[in-house]
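**Student:** what follows is a predicted protein model with its sequence.
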Amino acid sequence: GQQVMQIPQYQHVQEGEDFTTYCNSSTTLSNIQWYKQRPGGHPVFLIQLVKSGEVKKQKRLTFQFGEAKKNSSLHITATQTTDVGTYFCAGRNAGNNRKLIWGLGTSLAVNP
Amino acid sequence: DVKVTQSSRYLVKRTGEKVFLECVQDMDHENMFWYRQDPGLGLRLIYFSYDVKMKEKGDIPEGYSVSREKKERFSLILESASTNQTSMYLCASRTPLGYTFGSGTRLTVV
C-alpha cells in the first residue's frame, strides 16, 4: 500500500542549531500537511502544501514540497526549546484523497 | 476556531467491557476520523465518516465499530475491550485547511 516514509525518527540538537525532517511518498501526492505534537499533547496543524516546488515559511520554519510532489521537508532554523515535540507529515494521495497517509513522525529534542 | 471535544481524558476499563469513546465537533464538518496512537507506530486510522450514518473502515478496524447519528458527534465503540486496545485514541475533524484533533483519550484496559 501507499506509504509515507519520514526520517529521521529522532533528532537531538543543541539550542540554536538547525533541524530538518524529510518525508518521502511512494506515490504522487495531491498535497502534504505538517503537524506538530508537543509531549503529552495532540497533533496540531501547521501548514498545507499543494503546488509542485512550493516553499512556505512560518517564522523560523520553512516547508518545501518537491517538484514531483513525492517528497517534502520541514526545516527549523536556530531551534529553541519551544520547538520540542514530534513533527508529522501527512500526504493525500492524488488518486484517492479520502484519507491522509501519515509518516511516523520525527521526535525533536532540544538541549538548552 | 474549530473545537473537537473528546469526552474523557483518561479511562480505565476491564477486559470484555463495551467501551464508548465520544467525540463532538462544533463546526458542522462532514469528515471525522478516529485514530489510535502508539509509541513507534504513529497515527493509525481506525474508522472515518464522511457524513451522517456513513462510515468507512480505516487501516485497523478490527475490534472496533463507530456510530454517526448526528453530524457533530462521532463515537468509537470497543465491542469487547482487550488489553491490546490500551492506547491513546484521537478524534479529528477535517477542516478546509487540515485536521483539528481532540485532546485524546488515554484508554487502559486491565
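**Tutor:** Yep, that arrived. Numbering: from 1, shown residues only, chains lettered A, B, ... in the order given.
**Student:** who in chain B is up against chain A?
**Tutor:** Contact residues, chain B versus chain A (Cβ under 8 Å from any Cβ of the partner chain): B:40-43, B:45, B:48, B:50, B:56, B:58, B:90, B:95, B:97-104. All C-beta atoms are positioned from the backbone trio N, CA, C, and that covers glycine.
**Student:** buried only: go through those residues for me.
**Tutor:** Among the residues of chain B next to chain A, those classed as buried by neighbour count (16 or more other Cβ atoms under 10 Å in any protein chain shown) are B:42-43, B:45, B:48, B:58, B:90, B:95, B:98-102, B:104.
**Student:** from the residues you listed, which land in strands?
**Tutor:** B:42-43, B:45, B:48, B:90, B:95, B:98-101 (DSSP state E).
**Student:** point to the residue nearest the middle of the chain.
**Tutor:** No chain was given, so I picked chain A. residue A:89 (4.0 Å; Cα atoms, centre = their mean).
**Student:** to clarify, I was referring to chain B.
**Tutor:** Closest residue to the average C-alpha location of chain B: residue B:34 at 3.3 Å, with Cα atoms, centre = their mean.
**Student:** check contacts around it.
**Tutor:** B:21, B:23, B:45-48, B:58, B:64, B:66, B:74, B:76, B:89-92 (Cβ atoms under 8 Å, 6 or more residues apart in numbering or on different chains).
**Student:** 10 Å - rerun?
**Tutor:** By Cβ atoms under 10 Å, 6 or more residues apart in numbering or on different chains, the contact set of residue B:34 is B:21, B:23, B:44-49, B:55, B:58, B:61, B:64, B:66, B:74-77, B:89-92, B:102.
**Student:** that one should be in a helix, yeah?
**Tutor:** No: Residue B:34 is assigned strand when assessed by DSSP: H, G, I helix; E, B strand; the rest coil, not a helix.
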